[in-house]
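J.: sequence? don't have it. structure:
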């Protein structure tokens, strides 16, 4: 069982930056793939980025590549999402997720554990 708690969301102006954190309980977090998803108002939840347990392989959605960076510190059981040059369309609830199985990490179905989400609002 893994519990995930996100933090770091907030209100930022367009062009600004935020770093989201997700702290996981459990001693084996390093064996999980960790991902970030987001749900914008009126839209379905969508994939943002994911990172394998060792950090050796990273997945991004093309539209966010270059602005968003996922990383992890397994010693702290924490995964991060650095978001730069934020745009109003990045406004969403951002969710952390963890997967202990295989599958398509770009999809929600691959993830068994989810956090409650943290709100990110980007003003124009």
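T.: All right, it came through fine. Keep in mind that this is a model prediction, so the values were computed, not measured. Numbering: from 1, shown residues only.
J.: Any stretches of this structure with poor pLDDT?
T.: Along the chain, no part satisfies pLDDT under 70.
J.: Grab the most central residue of the chain for me.
T.: Nearest residue to the geometric centre of the chain (C-alpha atoms, centre = their mean): residue 36, 2.2 Å.
J.: which strands and helices sit next to the host helix or strand of that one?
T.: Under the criterion of DSSP states H and E, residue 36 resides in strand 33-39. If contacts are counted by 3 or more C-beta pairs under 8 Å, 6 or more residues apart in numbering; DSSP states H and E, strand 33-39 sits against strand 18-24, strand 46-51, strand 68-73, strand 78-83, strand 92-99. (Glycine included, C-beta is placed from N, CA and C.)
J.: ok now whichever helix or strand comes after the longest one, how far from the chain's centre?
T.: Same thing as strand 92-99. Once the chain leaves strand 92-99, the next helix or strand it forms, by DSSP H and E, is strand 113-114. Distance, stretch centre to chain centre, for strand 113-114: 11 Å (C-alpha atoms, centre = their mean, to the nearest Å).
J.: Likewise for stretch 90-110?
T.: Using C-alpha atoms, centre = their mean, the distance from the centre of stretch 90-110 to the centre of the chain it belongs to is 8 Å.
J.: coming back round to it: touching, the residue nearest to the centre of the chain and residue 50? I think so.
T.: Yes - using C-beta atoms under 8 Å, residue 36 is in contact with residue 50, at 7.3 Å.
J.: intersection of neighbour lists for these two?
T.: Residues touching both residue 36 and residue 50 (C-beta atoms under 8 Å, 6 or more residues apart in numbering) are residue 70.
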